[in-house]
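Chemist: requesting a structural model of the entry that follows:
(2 chains)
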Amino acid sequence: MSALQKNRADLSARLGADVPKAVGFTQHARARAMARLQAMGLPHGRDEYWRYTAPDLLNGAVPNLGAQHPQGQLGAALGPLVLTFCDGVFDAAASSDLALEGGQITLLSTATTDLHFAQDIYGSLEERGQTPVARPFAALNTALAQEGVLLHITGKIAQPILLNYVAKAGQSDVILHHCIKLDSGAEATILEQGSLGARGNLVIEVDMAAGSALHHIRSQTSDDAALAVTHFFACLHANAALKSFTLCAHGRLIRNETVIELVGDNAVAHVAGASLTDGPDHHDDTIFITHQGRSCESRQVYKNVLKNGAVGVFQGKILVRQSAQKTDGYQISQSLLLDGDSQFLAKPELEIYADDVKCSHGSTSGAIDDTALFYLQSRGVPRAQAQALLVLAFMAEAVGEIASLDLAEDMRAQIEAVLQRSRL
Amino acid sequence: MVDQTAEMIARDGVDQETIDTVNAMSGKYKHGWETDIDTEYAPKGLSEDIVRLISTKNEEPQWLLDWRLAAYRRWLTMTEPHWAMLKYTAIDYQDQYYYAKPKSMAEKPKSLDEVDPKLLATYAKLGIPLREQALLAGVEVPEGAETRKVAVDAVFDSVSLGTTFKAELAKAGVIFCSISEAVREHPELVQQYLGTVVPASDNYFATLNSAVFSDGSFVYIPKGTRCPMELSTYFRINAENTGQFERTLIIADEGSYVSYLEGCTAPKRETHQLHAAVVELVILKDAEIKYSTVQNWYPGDENGVGGIYNFVTKRADCRGDRAKVMWTQVETGSAITWKYPSCILRGHESQGEFYSIAIANNAQQADTGTKMIHLGRNTKSRIVSKGISAGRAQNTYRGQVSIHPKATGARNYTQCDSLLIGDQCGAHTVPYIEVKNNSSRVEHEATTSKVDDDQLFYCRSRGMGEEEAVALVVNGFCKEVLQALPMEFAMEAQSLVAISLEGSVG
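Modeler: Alright, predicted model coming up:
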């Protein structure tokens, strides 16, 4: 069987016999996504953007859930509005009331009207994000997702909205698709925590009107065996500001793709990630930021800590179009390899077509600084604790991208908990 | 001739079928053969016959012909790679001459008066002495008339014109000659090393080169020898529609040292010409090779008409401990540049360095960089790449740093800077960084910026012309790489930087 034939066979096996019949406002988007998916097939190891992450596990059978790692609630001090999804199904009993001042929350499964606000968003940001790099899992998500949150933010909302994922069933194969629309001048904080399921596929599409602001924080401390592919698509109009941070710990294979388009002038996008990887874990951050508007700023800060043969992947790209003069683009990816078996694979790319720009990227990889470790030990700090301190310090730049002090503190506590648990 | 070939093959135990094929081929080209001897042109296009013809013309032994044919057959099954950020009209491999030799000495320009005055003006700007200008323009060089201590091997279209300073080099035991001569005089060395760094199956263009390479340079530096002078090769494509496929093989035996310079030129043509070269460096224990290139192939005109398509595979293999290699390149010419001089750091504590200036102006496109493959312990590599884009040009740095699990204590430092002149051009960076142990340290940084207005304004206020000011700023930007070049080349490269950017401002 040729690679292409195998890919087709894998795809039909993955789609199964009973592709649900699409109804309502999403049906055209779903049909187009299905056509896209059929045309590109599932990713395989020879795809340029899958060279460092073999997609075989994601294309294969759904695994059993592994050991769960409970964590404290994110943003508990801020009293968030909680929306719980248990194995991909909305759990009303474990969720807050959906009424929201300054916004409107509906669920994908119940939104069947033809003129829903999300009809311009659902699948359209994902579709734009397919060029120049194909993202088959996102198309698969658009075509098949049955549940998700449709969030329309009209005002400034101080209360964070927490998307709480719980995995209980043995071999849950979860697909969630959220759409978030921020009107001009609207502001919101979206939090995500937990494990989607044994295998998760999450797409978030964010449309940010002029002058809107979104703060997105994700704590992906899932279980040991979980497989997950997430896509975060955002389109920023003039003066919009996005800040996104992801903490990723545990999980057998996690691929987080962030696709951001700065279409308006003076928009700002900061994306950051901290990843703590142990054992056979494989974490992949793939970022693609397109500068289209003038005087926009983008910043990528990614930190990986790896041990016991873990693999960390960073593929970050800044594309500056000819119209995007006065762009300020920055990207840093750093890894700390705690032992000799771990690997860090990076491809930090720049593609620039405008001349009046300031773009830079940096990537480093190495072991923990022995001198620093020795100093801390000489001051009476036990070795394990000293190492944890140094790891925390290494992560600090990424955690510093979180604007809210409370949430940053929560994240620090979670990182410390992971460090203690796995004695990194 | 026919019988002789058949006999030789039969001796090597080749089956009857091959002999029949060869006989049939020879019969078919009987007429063309005789005209070819007169004109010294192989027929246009590529086929097994052409491969055999090149081999026969170079009086090659059977093993090399077999090697070429294997490469050719493999090439037929391969597809042209298109992952580079390059856009060009499809290459018609059948519309090229694969072997062209100046018809006779009378056909070559006899004096500088017969050479395109624009070409001479360029050389004058480069500050190349007249003696060398003559050589570059392809004018006959009287034997023994050299005064400078640089041994030169000039390759004109497909054949080597001759190598200077041979006797003096021979005294030191250094072998420096054309590769076709090396195949005849030192077959054991060629057979031992040819294709061991860049195998015939390596990539599309290298495989094509393995099948049809016509000439190139061969260098062997014996054990413990420091080559008494710099070695230099000038490559020149002269004939229209001619592909140049040279192959360079340099072997630095244990504890030896050599500095090798390579220069390239081509006249103005309205058609695109293909250049697919392979350079193989073998560096044994404690040896060092310094390989410098000033590539100034014809870049095409402002509208992208004409120019050389430059697809080159260069690789160095540091086989012994503490072996060292240094690639320095100044890439100013060619319509298309596809070139990644690489280092395989196999020996423990071996070192690889790569210094590059790539300038793309007008419609030029360059996709160039390096690969540093760390296999041995405590290996070190350093990459400094400076890319300059002007006009509508696209300039890409593409590089790979790979630290294998066993390459403990390895160290890499990479710096790639891009400079943009004008808002129609592009500068891209595509690095691949693969670290597979934790005792190694890898650092990569890249920046992109435009020519600083304040610096330009300062230069202008001191009475400099705009182009002069840009050239000064750009030369400052490239300083780190220019300093890595040998003296003779540094001066030439500096002027070349200025010439390449002419017409990019104002």
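
Chemist: so A:Ser342 sits right up against A:Val305, yeah?
Modeler: No - contact criterion C-beta atoms under 8 Å: A:Ser342 and A:Val305 do not qualify, at 9.1 Å. In short, each C-beta sits where N, CA and C put it, glycine included.

Chemist: my guess is A:Gln73 contacts A:Gln193. True?
Modeler: Yes - the pair A:Gln73 and A:Gln193 qualifies as a contact (C-beta under 8 Å) at a distance of 7.3 Å.

Chemist: between the two, tell me which one has more neighbours.
Modeler: A:Gln193 (25 against 15; other C-beta atoms under 10 Å in any protein chain shown).

Chemist: what helix or strand does the more buried one sit in?
Modeler: Using DSSP states H and E, A:Gln193 sits in strand A:187-194.

Chemist: and the helix or strand harbouring A:Leu202, how far out from the chain's middle?
Modeler: Using DSSP H and E, the element containing A:Leu202 is strand A:199-208. Its chain's C-alpha centre and that of strand A:199-208 lie 8 Å apart, by C-alpha atoms, centre = their mean, to the nearest Å.

Chemist: in its sheet, what does it sit against?
Modeler: Using DSSP bridges, strand A:199-208 pairs in its sheet with strand A:173-182 (parallel), strand A:227-236 (parallel).

Chemist: reformat the ones you listed as TSV; add distance to B:Leu284 and mean pLDDT.
Modeler: Listed next are the strands paired with strand A:199-208 as TSV, based on distance: least, C-beta to C-beta, whole Å; pLDDT from 0 to 100:
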stretch	distance to B:Leu284	mean pLDDT
strand A:173-182	57	96
strand A:227-236	48	97
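
Chemist: want to throw these into CSV with mean neighbour count and distance to B:Ser259?
Modeler: Shown next, in CSV, are the strands paired with strand A:199-208 (neighbours: other C-beta atoms under 10 Å in any protein chain shown; distance: least, C-beta to C-beta, whole Å):
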stretch, mean neighbour count, distance to B:Ser259
strand A:173-182, 24, 61
strand A:227-236, 26, 52
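
Chemist: related to what we said a few turns ago, any common contacting residues for A:Ser342 and A:Val305?
Modeler: A:Thr277 (C-beta atoms under 8 Å, 6 or more residues apart in numbering or on different chains).

Chemist: so which bits of the stretch 301-424 of chain A are right by chain B?
Modeler: A:322, A:325, A:335, A:337-367 (C-beta under 8 Å from any C-beta of the partner chain).

Chemist: tell me the phi and psi of A:Ala33?
Modeler: phi -60, psi -40 (degrees, to the nearest 10).

Chemist: also A:Ala39?
Modeler: Main-chain dihedrals, A:Ala39, degrees, to the nearest 10: phi -70, psi -40.

Chemist: any idea how many residues pack against it?
Modeler: Using other C-beta under 10 Å, A:Ala39 is surrounded by 10 other residues.

Chemist: so how far is B:Leu345 from it?
Modeler: 42 Å (C-beta to C-beta, to the nearest Å).

Chemist: also B:Asn438?
Modeler: 18 Å.

Chemist: which strand residues bridge the one residue in the stretch 301-424 of chain A that gets nearest to chain B?
Modeler: Across the stretch 301-424 of chain A, no residue is closer to chain B than A:Leu337, which sits at 3.3 Å (C-beta to the nearest C-beta). Taking DSSP bridges as the rule, A:Leu337 bridges to A:Leu306.

Chemist: what's near enough to touch it?
Modeler: A:Leu306, A:Lys307, A:Gln343, A:Phe344, A:Ser365, A:Gly366, A:Ala367, B:Val435, B:Asn437, B:Asn438.

Chemist: would a markdown table of those residues with distance to B:Ile308 and pLDDT be doable?
Modeler: Shown next, in a markdown table, are those (distance: C-beta to C-beta, whole Å; pLDDT from 0 to 100):
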| residue | distance to B:Ile308 | pLDDT |
| --- | --- | --- |
| A:Leu306 | 45 | 94 |
| A:Lys307 | 50 | 91 |
| A:Gln343 | 40 | 94 |
| A:Phe344 | 39 | 96 |
| A:Ser365 | 38 | 92 |
| A:Gly366 | 41 | 90 |
| A:Ala367 | 46 | 92 |
| B:Val435 | 37 | 95 |
| B:Asn437 | 41 | 93 |
| B:Asn438 | 44 | 91 |
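
Chemist: rewinding a little: what lies in contact with the strand holding A:Gln193?
Modeler: Contacts for strand A:187-194 (C-beta under 8 Å, 6+ apart): A:71, A:73-75, A:80, A:103, A:151, A:153, A:155-157, A:160-167, A:180, A:182, A:212-222, A:404, A:407.
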